[in-house]
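Enquirer: Kindly generate the corresponding structure for this input.
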Amino acid sequence: APPAEPAPPLKRPDFVPYPEAPSVTYHSVEIDGRTVHYQATAGTIVLAEGKNHEPAARIFFVSYRKTEGPVGEGKAPAFPDPATRPITFSFNGGPGASSVWLHLGVFGPRRVDHADDFGNPGPPPHRVVPNEFSLLDKSDFVFIDPVSTGYSRAQGDKSEKAYHGVNEDIASVAEFIRLYLGRENRWASPRFIAGESYGTTRAAGLALELENVHGIATNGVVLISAVLNFQTISFDAGNDLPHVLYLPSFAAVAHFHEKLRPELQRRALADLLPEVEAFAAGEYALALMKGSAIPEEEADAIAERVAAYTGLSPEYVRRVNLRPDMPRFPKELLRDRGLTVGRLDARYTAADRDDGGATTEFDPSMVAIRSIYTESFNDYLRRELRYDSDLRYEILTSVWPWSFRGRGDNRYTNVAESLRGAMQRMPFMRVFVASGYHDLATPYFAAEYTVNHLMLRPELRANVEIHEYEAGHMMYTARPELAKLRRDLGSFYDRVVPPAPATASRRP
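Expert: Below you'll find the model as predicted:
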């Protein structure tokens, strides 16, 4: 009989958006001198709608869960008692950003490998390395990509635009958390929410949404580079508040680039900034309130002070009516050197084609983080987490127009009231706020202003702690500040959920 024909090779589908099952792998990392063994899961959860529970969206996530020890082939994992093991739900901002920056920047067991302690990316190829600063020794983590970011997409006939809004976004992330807690049997765990940038907007609304809609309480909220009240960062005609709140950040940036006058430049930043803050909230704010009614002599005096603190010329400050702003400051500060400074992190500089423009061509600090995180995460996801998809992983994508309906109708969006409401309902909830002195996107003084205007009673105000760092929006890109952030966050987790005491050994 003739030999049997060989079976044709299996043909891979032309396009695979999602694997049939989540990828589960096991790893370990050294943190603070101790080995943490963990389970990593990369997968999706489907949000359903209607009586028939039709798929409406698929939310991609990566989770890390501590195991009691190493897990070998054929050995089932053992996990700590959920009641003793916190879980943190983490995301970034944009809106339109995936969760990759907090994931590979500070919280996760792997981090991007910067070329130096400053945070420069260096040339490709980029990779991840073990993250000795991870918070995985304090909490399990779930990194959530909201709809349209990462691999998360609307499903069926549902439009992605249905999720592109403040309220819709908060509701969908809250539903994901509800489903995750049930599927992973984590209802008994202490719970944290961590967001960065617009992710802090989401986090503030989410703390109230989870309690108000789902009955899910939150132990702690981490706000990194916070923006809760958009009036504080919107340089609009008639809104003088951002000019007041940005002035200390302008001073910090000028100090970093050695643009201040000698008597100010030689002072330590921690010594200088309280003086600038007092001037900004006092004489400067009063001067701006006078508008064009301010006397010429007073305007000249204020211009001199503003110029001294910002490194700009008095003539420029007068030309802009005492109101240096964004995005003109990054172009003006180092114009004499032919350089611009970054928006997310003003420690970074670049050169434009034209030194005479009013605004910058691009943000050099965004360039410094874009490729290194994109390439590192795509490689890490496939090679170490063994998750493979043909979809484009949307690190940062456009989700505009973004709806502020119900939150910003004829006013500035402000979710600070949601945070206050959550704290009133859950007086045990603690809040950690982290800001970078060199952040020109969400300035540190604006975060302080927002916290001070929550109008919390003293006993609740004591539940909010504010930390500041000598770096930018993503302060963890600077190695010394990452180490400091790790120490501060570690202490915060211990205050919210004290570590379980070690079990004493018993002699027979």
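
Enquirer: Where do the strands of the stretch 401-508 of the chain begin and end?
Expert: With DSSP state E, counting those that start in this stretch as the criterion, the stretch 401-508 of the chain has strands at 430-436, 464-469.

Enquirer: How about the stretch 151-300 of the chain?
Expert: Taking DSSP E, counting those that start in this stretch as the criterion, the stretch 151-300 of the chain carries its strands at 153-154, 191-197, 220-226.

Enquirer: Pick the most buried one from those.
Expert: Of all the strands of the stretch 151-300 of the chain, strand 220-226 has the most neighbours on average by mean count of other C-beta atoms under 10 Å, namely a mean of 29. No exception for glycine: its C-beta is placed from N, CA and C like everyone else's.

Enquirer: Run me through the strand neighbours of it, direction for each.
Expert: strand 191-197 (parallel), strand 430-436 (parallel) (DSSP bridges).

Enquirer: what are the bridge partners for the residue nearest to the spatial centre of the chain, then?
Expert: Centroid-nearest residue in the chain, with C-alpha atoms, centre = their mean: Glu196, separated by 1.7 Å. Taking DSSP bridges as the rule, Glu196 bridges to Ile224.

Enquirer: Around the closest residue to Asp345 other than its chain neighbours, count how many other residues there are.
Expert: In space, and not counting its chain neighbours, Asp345 is closest to Gly472: 2.5 Å by C-beta to C-beta, 6 or more residues apart in numbering. Residues lying near Gly472 (other C-beta atoms under 10 Å) number 33.

Enquirer: same check, this time on Ala204
Expert: With other C-beta under 10 Å as criterion, Ala204 counts 30.

Enquirer: For it, give its distance to Pro124.
Expert: According to C-beta to C-beta, to the nearest Å, Ala204 stands 37 Å off from Pro124.

Enquirer: so where's the longest helix in this structure?
Expert: helix 364-383 (DSSP state H).

Enquirer: circling back: test my guess that the residue nearest to the centre of the chain contacts Phe143.
Expert: No - if you go by C-beta atoms under 8 Å, Glu196 and Phe143 don't touch, sitting 11.5 Å apart.

Enquirer: okay, and the common contacts of the two?
Expert: 91, 102 (C-beta atoms under 8 Å, 6 or more residues apart in numbering).

Enquirer: if we look at stretch 401-412, which residues are touching it?
Expert: Contacts of stretch 401-412 (C-beta under 8 Å, 6+ apart): 95, 164-168, 229-231, 234, 413-415.

Enquirer: Now render the strands paired with strand 220-226 as TSV, adding distance to Arg58 and mean pLDDT.
Expert: Below are those laid out as TSV (distance: least, C-beta to C-beta, whole Å; pLDDT from 0 to 100):
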stretch	distance to Arg58	mean pLDDT
strand 191-197	21	98
strand 430-436	31	98
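
Enquirer: closest to Ala270 out of these?
Expert: Counting by C-beta to C-beta, Ala270 lies closest to strand 430-436 out of these; the figure is 14.0 Å.

Enquirer: and the closest one, how far out from the chain's middle?
Expert: Computed by C-alpha atoms, centre = their mean, to the nearest Å, the separation of strand 430-436 from the middle of its chain amounts to 11 Å.

Enquirer: quick one: buried residues of it?
Expert: The neighbour-count check on strand 430-436 (16 or more other C-beta atoms under 10 Å) flags 430-436 as buried.
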